[in-house]
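Engineer: Build the 3D model from these lines:
(one chain, ligands or ions: 1)
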Amino acid sequence: MQAVELAQYLLQALNMALGQLMQGETSYTNSFDIKVINGGIIFIPRLPAGYIIDDELYQKIFLIANAALYPRYTLLKQNSAYFVPLKTDDIHVQRGLFFPMKVGISERLIIPNLSRFVDTLSGDVVPIMKNLTVKYDKVTSIAICGNSGSGKSYALTYFLSVLKPISELIIVDPKFDTPSRWARVNEVPVIHPQKNRSKSDFLSEVNSALSKCLKRIQDRQEILYDDPAKSFKHITIVIDEVLALSEGVNRAIKDSFFSLLSQVALLGRATSVHLLLVSQRFDHTSIPVSVREQLNVLLQVGNINKKSTQFLFPDLDPEGIVIPIGKGTGLIQVIDAEHPYQVLPLLCPTYYTQKGIL
Ligand SMILES: Nc1ncnc2c1ncn2[C@@H]1O[C@H](COP(=O)(O)OP(=O)(O)OP(=O)(O)O)[C@@H](O)[C@H]1O
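Structural biologist: Numbers count the residues shown, from 1 in each chain. This next block holds a predicted model:
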């Protein structure tokens, strides 16, 4: 479909659906126009207008256009109206509302054999969907959030398998569950609770591992001071069910845990030390705010609504984003220089692996 035809189609959709909000004004009365450009569409209001150009109008146009374009294009949700100046001398049409879009929709990776798939990967790429791959050296920290049964453990096992060849892994598994089994099969050290030991004891062990990591960060910082171009092997601290870790433990030990986690999150970035955190929620009781601010690959699986997204995506109203149906689906945001900053629909990979790992 040509850009002109697409614009015509969208104009029709908007004329029919915007109705009341536009006080009866339509493109037929020359009140607005649509232009399709590379990377998005522009809604051009003719001013002065009998309708108000505000966030409400922007989000309504998003709703209508996103549904009308599905599945050929995906509009990328903005938190508020995105104004762009237009090149013209005519003051009536010198501005537009921009809706960034990408071609197609998010598509799930289906991996028939996970270990063979991992063998085919080179460099430090981490594929997440058919058309979404992140480079691990651009990742600071990853968060996987979701309600029970939403696919967090399944997604975590995928990340562990893909990260193993490119990163040293330090796994903390408070539930002594899937990650511990994965670690046993893959001969990776894991810290898990043990019989006869208290929860505070367990968290102290975690703190001592974090403290060792911090020491390694400092060693690396010294090396970087003399050789700023030096690159290091990635180290990833994986914590499953972070929320379970710090609940009901001695205050002093919890404070140390938060402080160590913050330092690792803040200083790890330049020294290739990452966090991979999994939790049912990411509020201030499960991780410190400073850690949340360092997360730059955010995955939310399971229920998606304003309430469930409030911790990872505090400014987002997910209305109008087409969330795919199925296991391990939700939202993703990758915050780096290469990807659009926006939140995208997510479908976690589906993979087949040796029996017994999960
Ligand atoms: N991307 C996916 N593709 C196919 N199946 C999936 C996917 N994600 C999850 N599942 C299936 O959904 C089920 C629940 O997933 P999982 O155990 O990972 O949820 P969870 O969020 O970790 O739950 P809990 O918090 O209770 O441990 C599993 O049986 C898993 O096989």
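Engineer: Return the residues in contact with the nearest residue to Ile142 once chain neighbours are set aside.
Structural biologist: Leaving aside its sequence neighbours, Ile142 sits nearest to Val297 (Cβ to Cβ, 6 or more residues apart in numbering; 4.3 Å). Bear in mind the C-beta positions are built from the backbone N, C-alpha and C, glycine included. If you count contacts by Cβ atoms under 8 Å, 6 or more residues apart in numbering, Val297 has them with 134, 139, 141-143, 332-335.
Engineer: do the same with Tyr70
Structural biologist: 105, 322.
Engineer: quick check, nearest of the contacts of Val297 to the ligand?
Structural biologist: The shortest gap between the ligand and any of the contacts of Val297 belongs to Ile332, at 12.5 Å (Cβ to the nearest ligand atom).
Engineer: list the buried ones in the helix or strand that the closest one is a member of?
Structural biologist: Using DSSP states H and E, Ile332 sits within strand 329-334. Judged by neighbour count using 16 or more other Cβ atoms under 10 Å, the buried positions of strand 329-334 are 329-334.
Engineer: Name the next helix or strand following the lowest-mean-pLDDT helix or strand in the chain along the chain.
Structural biologist: Lowest on mean pLDDT, DSSP states H and E among the helices and strands of the chain sits helix 242-246, with a mean of 90. Heading C-terminal from helix 242-246, the first helix or strand you meet, by DSSP H and E, is helix 251-268.
Engineer: For that next one, which outside residues touch it?
Structural biologist: By Cβ under 8 Å, 6+ apart, helix 251-268 touches 140-141, 200, 203-204, 206-207, 210-211, 213-214, 217-218, 221, 235, 237, 245-246, 273-275, 287-288, 290-291, 294.
Engineer: again, 6 Å this time
Structural biologist: 141, 200, 203-204, 207, 210-211, 213-214, 217, 246, 275, 288, 290-291, 294 (Cβ atoms under 6 Å, 6 or more residues apart in numbering).
Engineer: which one in those is the model shakiest on?
Structural biologist: Among the contacts of helix 251-268, Ser246 carries the lowest pLDDT, at 83.
Engineer: quick one: contacts for that residue?
Structural biologist: By Cβ under 6 Å, 6+ apart, the neighbours of Ser246 are 254, 257.
Engineer: mind redoing it with 7 Å?
Structural biologist: 203, 254, 257, 286 (Cβ atoms under 7 Å, 6 or more residues apart in numbering).
Engineer: Nothing else from me, thank you.
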